[in-house]
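with the sequence up front, the predicted model follows.
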Amino acid sequence: MTPLRTARELVGRERSYHADRKLGWSLAFVAGAINAGGFLAVGQYTSHVTGAVSSAADHLVLGQHPLAFTALGAVVAFLAGAVACAVMVNYARRRDLTSAFALPLLLEALLILLFGVAGSGLSQETALLLPATVLLLSFLMGLQNAVVTKLSERVIRTTHMTGIVTDLGIELGKWIYWNRSKDRGAAVQADPERLRVLGGLLLAFFVGGIVGAYGFKTIGYTFTIPIAMVLLLVGGVPLVDDIRSRGAGVAGDSNSNSN
């Protein structure tokens, strides 16, 4: 399968469980890489809201109000990213575009590049850029999580692993019970495909974290460039298809009117 065909399959209008699974694994890898690299850059993880809410509560009690506001800002930024994704997807769907899910991925790629550019100045303007970078990464994570959540109809999540591990434990519990139960008719059998998807998401996030941490440690913020380029390719192909089809439609209308 060519890269162009793969890009159309991953974020195209026609969805399949196979495509959702591959996109989920890919984006879980990206989230793991950016989350780990972002931690080395700003000293905190930005992929899950639970930690940000707890951090805000702790800092408020300790009287560390600037840190509390930064944590609350991260929650709002994550929410804003999800809102932005929903707006873009619904906008594209209303206009019958094939790039409905590609637009948020393109924005995510640009934000990752922005993180790489802005990060190079963190050591010089830490007091100003550090909170802004936290907000940027939180917005990015909210955007990405909403993409795959909408695309898979709330089946797959990619930026936080708590739900993934919980669902994986439930499926493993079903598998253990099924294999030990004497009354197979009363037991609920585990879904092997769901086990593969959940296990793949957890593994992809973990491997992405290793790659992101190693890349950031060895080459710095440049590690964001290849990640962004992959997202630009995946999201850019459907967008180009839409531009070409709209252009062909306009040209066809012009020809028909002239005749």
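Looks like it arrived, so ask away. Residues are numbered from 1 along each chain as shown.

can we go C-alpha only for contacts and neighbour counts from here?
Noted.

now do the helices in the stretch 101-250 of the chain.
In the stretch 101-250 of the chain, the segments counted as helices under DSSP state H, counting those that start in this stretch are 102-119, 126-151, 162-180, 192-219, 224-258.

of all the ones you listed, which one is nearest residue 91?
Of all the helices of the stretch 101-250 of the chain, it is helix 102-119 that lies closest to residue 91, at 10.1 Å by CA to CA.

may I see the buried residues of the closest one?
102-116, 118-119 (16 or more other CA atoms under 10 Å).

low pLDDT regions in the stretch 101-250 of the chain?
119-128, 152-155, 178-188, 246-250 (pLDDT under 70).

follow-up on the earlier one: what's the closest of the helices of the stretch 101-250 of the chain to residue 60?
If we rank the helices of the stretch 101-250 of the chain by CA to CA, the stretch that ends up nearest is helix 126-151, at 16.6 Å.

distance from the closest one to the middle of the chain?
How far helix 126-151 lies from its chain's middle: 10 Å, per CA atoms, centre = their mean, to the nearest Å.

likewise for stretch 38-53?
15 Å.

what about residue 39, neighbour count?
By other CA atoms under 10 Å, the residues close to residue 39 number 17.

contact partners for the residue nearest to it when sequence neighbours are not counted?
Of all residues not flanking residue 39 in the chain, residue 45 sits nearest, at 5.2 Å (CA to CA, 6 or more residues apart in numbering). Shown in contact with residue 45 (CA atoms under 8 Å, 6 or more residues apart in numbering): 35-36, 38-39.

okay, residue 45 and residue 108: tell me how far apart.
Distance from residue 45 to residue 108, counting by CA to CA, to the nearest Å: 17 Å.

same question, residue 21
Taking CA to CA, one finds residue 21 at 19 Å from residue 108.

residue 233 too?
Taken as CA to CA, the span from residue 233 to residue 108 is 12 Å.

same deal with residue 115?
10 Å.

with residue 68 instead?
26 Å.

how much space between the one residue sitting closest to the centre of the chain and residue 118?
By CA atoms, centre = their mean, the mean C-alpha position of the chain lies nearest to residue 144, the distance being 2.8 Å. Residue 144 sits 20 Å away from residue 118, going by CA to CA.

what's the burial count for residue 63?
Neighbour tally, residue 63, other CA under 10 Å: 11.

kindly report the same for the one 3 residues further on.
Here the neighbour count serves as a burial measure; for residue 66 (other CA under 10 Å) it reads 13.

for it, pull up the helix or strand it's in.
helix 65-94 (DSSP states H and E).

residue 7 too?
helix 3-11.

residues making contact with that helix?
So helix 3-11 is contacted by 15, 19-20, 22-23, 99-102, 233-235, 237-238 (CA under 8 Å, 6+ apart).

greatest separation within these: which pair is it?
Among the contacts of helix 3-11, 15 and 233 lie farthest apart (CA to CA), at 18.5 Å.

the more surrounded of those two?
Neighbour count, other CA under 10 Å: between residue 15 and residue 233, residue 233 has more, with 19 against 13.

what is the neighbour count of residue 61?
10.

any idea how far it is from residue 24?
Residue 61 is 38 Å from residue 24, by CA to CA.

quick one, grab the pLDDT at residue 1.
Looking at residue 1, its pLDDT is 56.

err, residue 80, not the other one
For residue 80, the model assigns a pLDDT of 95.

so what's it up against?
With CA under 8 Å, 6+ apart, residue 80 has these contacts: 139, 142-143.

assign the nearest residue to residue 91 once chain neighbours are set aside to helix, strand or coil.
Of all residues not flanking residue 91 in the chain, residue 100 sits nearest, at 7.7 Å (CA to CA, 6+ apart). Here residue 100 is recorded as coil under DSSP: H, G, I helix; E, B strand; the rest coil.
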